[in-house]
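A.B. asks: test case, fold it:
(one chain, ligands or ions: 1)
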Amino acid sequence: MPGEEHASPSLRAARVSSRRSALGSASLAARPSASQSTSPTSEAAAEAVKRADRELGSLDMVIANAGRSDTRLATRLTWQDVGPVIDLNVRGAMATLVAAIPVFVAQQRGHLVGVSSLAGIRGLPTSAAYSASKAALSTFLESLRIDLARAFIRVTDVQPGFVATPINEHAKHPTPFMVPVDTAARHIVRRLERAPAVLAFPWPLVLATRFARLLPAWLYDRAVGSQSGHV
Ligand SMILES: NC(=O)c1ccc[n+]([C@@H]2O[C@H](COP(=O)([O-])OP(=O)(O)OC[C@H]3O[C@@H](n4cnc5c(N)ncnc54)[C@H](OP(=O)(O)O)[C@@H]3O)[C@@H](O)[C@H]2O)c1
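C.D. replies: Next comes the predicted model:
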């Protein structure tokens, strides 16, 4: 966008581009400019949602998908590593979802979707900020789901395992049951039609994480502790 670098951060964050979506219908994608490395502001998220509503006529679904990871042994962790992950994965995602609530309440329908991760089920080694950010988003979505049911607003927490996207390009940790990106996208789109509360995949990793959730801390630590050695 010409002159974008001179725009205010909130305007830059609210930059909205129109495109056809994987869902096969009109969609809008809002994204901060490259120079804004952290989260959209709440004003920018609200502006982006309003603009999408205006341009599309109404909104069926808002997906908070943006996210980043940070893989680092906690002995080397600094706030410079943690802050951007929380800003985007927690503040950015929540700002996007919250911005859509008034639009959906007014319509008396809508579908809020957040992309968290199976990494949020328990704290993964070398992923303290990422695991915590996704756990926060999942818990947020769960509360929204309960509160918004009576307003006819559906809420889905998408919890992928490992998907072959750039986020995993330089992964130094194991990535078991990695799913090709097209397969994952098709799976998500198909299952979103039914608006499940939780959309977790692939099933072997879902089973593993469900089981891991039941383990006492000492046993969980032993089971996954060796993975810290990879980073
Ligand atoms: N891949 C996996 O294994 C995996 C597993 C579990 C959960 N997830 C989650 O899935 C979501 C999508 O990730 P991905 O795998 O598709 O990774 P990706 O290929 O790295 O994509 C990251 C996405 O976040 C957007 N983004 C990055 N920084 C942003 C910012 N400051 N403001 C707005 N948008 C920003 C990117 O937009 P641009 O395309 O415009 O750069 C891109 O759409 C993330 O929330 C991730 O945590 C991924």
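A.B. asks: distance between the ends of stretch 148-165?
C.D. replies: End-to-end span of stretch 148-165 (CA to CA, to the nearest Å): 32 Å.
A.B. asks: dump the residue contacts of the residue of the chain found nearest the ligand.
C.D. replies: Closest contact between the chain and the ligand, by CB to the nearest ligand atom, is at Gly67 (2.1 Å). Yep, even glycine has a C-beta here, placed from its N, CA and C like the rest. Taking CB atoms under 8 Å, 6 or more residues apart in numbering as the criterion, Gly67 is in contact with 88-89, 93, 115, 117, 133-134, 167.
A.B. asks: which other helices and strands does the helix or strand harbouring Arg191 contact?
C.D. replies: In this assignment (DSSP states H and E), Arg191 forms part of helix 181-192. Under the contact definition 3 or more CB pairs under 8 Å, 6 or more residues apart in numbering; DSSP states H and E, helix 181-192 sits against strand 153-160, strand 198-201.
A.B. asks: quick check: the residue of the chain closest to the ligand is in a helix.
C.D. replies: No - inclusion of Gly67 in a helix is not indicated when DSSP: H, G, I helix; E, B strand; the rest coil is applied; the result is coil.
A.B. asks: mind listing what's buried along the helix ranked longest in the chain?
C.D. replies: Longest helix in the chain by number of residues (criterion: DSSP state H): helix 128-148. Buried residues in helix 128-148, defined by neighbour count with 16 or more other CB atoms under 10 Å: 128-138, 140-141, 144-145, 148.
A.B. asks: on that earlier part again, look up how far Phe162 lies from the residue of the chain closest to the ligand.
C.D. replies: Distance, Gly67 to Phe162, using CB to CB, to the nearest Å: 14 Å.
A.B. asks: so where do the helices sit in the protein?
C.D. replies: Under DSSP H, the chain gives helices at 9-13, 42-56, 79-86, 93-107, 128-148, 181-192, 203-214, 217-225.
A.B. asks: any chance of those helices in JSON lines, plus distance to Asp157?
C.D. replies: Listed next are the helices of the chain as JSON lines, based on distance: least, CB to CB, whole Å:
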{"stretch": "helix 9-13", "distance to Asp157": "24"}
{"stretch": "helix 42-56", "distance to Asp157": "19"}
{"stretch": "helix 79-86", "distance to Asp157": "18"}
{"stretch": "helix 93-107", "distance to Asp157": "11"}
{"stretch": "helix 128-148", "distance to Asp157": "4"}
{"stretch": "helix 181-192", "distance to Asp157": "11"}
{"stretch": "helix 203-214", "distance to Asp157": "13"}
{"stretch": "helix 217-225", "distance to Asp157": "22"}
